[in-house]
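Colleague: mind folding the following:
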Amino acid sequence: MEKLILKNRKAYHDFQILENIEAGLVLHGTEVKAIREGKINIKEAYCNFQDGELYLLQAHISPYSHAGYENHDPIRPKKLLLHKKELKKLKRKRDEQHLTLIPVAMYWVGNHIKVEVGLAKGKKLYDKRQDIAKKDIQRNMDRQMKH
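Modeller: Numbers count the residues shown, from 1 in each chain. Next comes the predicted model:
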């Protein structure tokens, strides 16, 4: 059973998501507790490869409110857990097609926090305008059907 923690709506606005991959996340204890409090922001976050491993960068987890002297760095790089084959496949696709890896959603699976990483292509301004126009048309049609 999955329980959604947060969804990165800005990612869907700024990028065209081509493929999603579920990855585990390496966290400290105070980070997990802060996430339980809802103190996380992944709007500006992205994923990148360092030494053959995939890391979540610029994800801001605010300090835990009841922490003692030992608290975590809010924007430290967090390692994503994937199989070697998945890492190689992602790196190949990202490099060949000039794509970006961004976190799309974060959720609980049992007692584990999972991150949905999207292989994304940046949208141009006219693409964003087309999406907004389509949403407006759909909203108007739904309104007309309701009445």
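
Colleague: tally up the residues packed near residue 134, please.
Modeller: 10 (other Cβ atoms under 10 Å). All C-beta atoms are positioned from the backbone trio N, CA, C, and that covers glycine.

Colleague: where does it land in three-state SS?
Modeller: helix (DSSP: H, G, I helix; E, B strand; the rest coil).

Colleague: show the contacting residues for it.
Modeller: Under the criterion of Cβ atoms under 8 Å, 6 or more residues apart in numbering, the contact list for residue 134 is empty.

Colleague: that one and residue 141, how far apart?
Modeller: Using Cβ to Cβ, to the nearest Å, we find residue 134 at a distance of 11 Å from residue 141.

Colleague: touching, residue 22 and residue 113? I think so.
Modeller: No: applying Cβ atoms under 8 Å, one finds residue 22 not in contact with residue 113, separated by 11.2 Å.

Colleague: more crowded one of these two?
Modeller: For residue 22 versus residue 113, the count of surrounding residues by other Cβ under 10 Å is larger for residue 113: 20 against 16.

Colleague: over to residue 55: give its phi and psi.
Modeller: phi -120, psi 150 (degrees, to the nearest 10).

Colleague: and it, how many neighbours does it have?
Modeller: 17.

Colleague: please name the bridge partners of it.
Modeller: residue 48, residue 79 (DSSP bridges).

Colleague: residue 86: helix or strand, and which one exactly?
Modeller: Per DSSP states H and E, residue 86 falls inside helix 84-97.

Colleague: could you do residue 141 as well?
Modeller: With DSSP H and E as criterion, residue 141 is part of helix 125-146.

Colleague: swap in residue 19?
Modeller: Per DSSP H and E: strand 15-25 holds residue 19.

Colleague: which residues touch the residue most central in space within the chain?
Modeller: In the chain, the residue lying closest to the centroid (Cα atoms, centre = their mean) is residue 103, at 1.7 Å. By Cβ under 8 Å, 6+ apart, the residues touching residue 103 are 8, 11, 42, 45, 46, 47, 56, 59, 115, 116, 117, 118.

Colleague: pull out the buried positions in the helix or strand harbouring it.
Modeller: Here residue 103 is covered by strand 100-109, with elements defined by DSSP H and E. By 16 or more other Cβ atoms under 10 Å, the buried positions in strand 100-109 come out as 100, 101, 102, 103, 104, 105, 106, 107.
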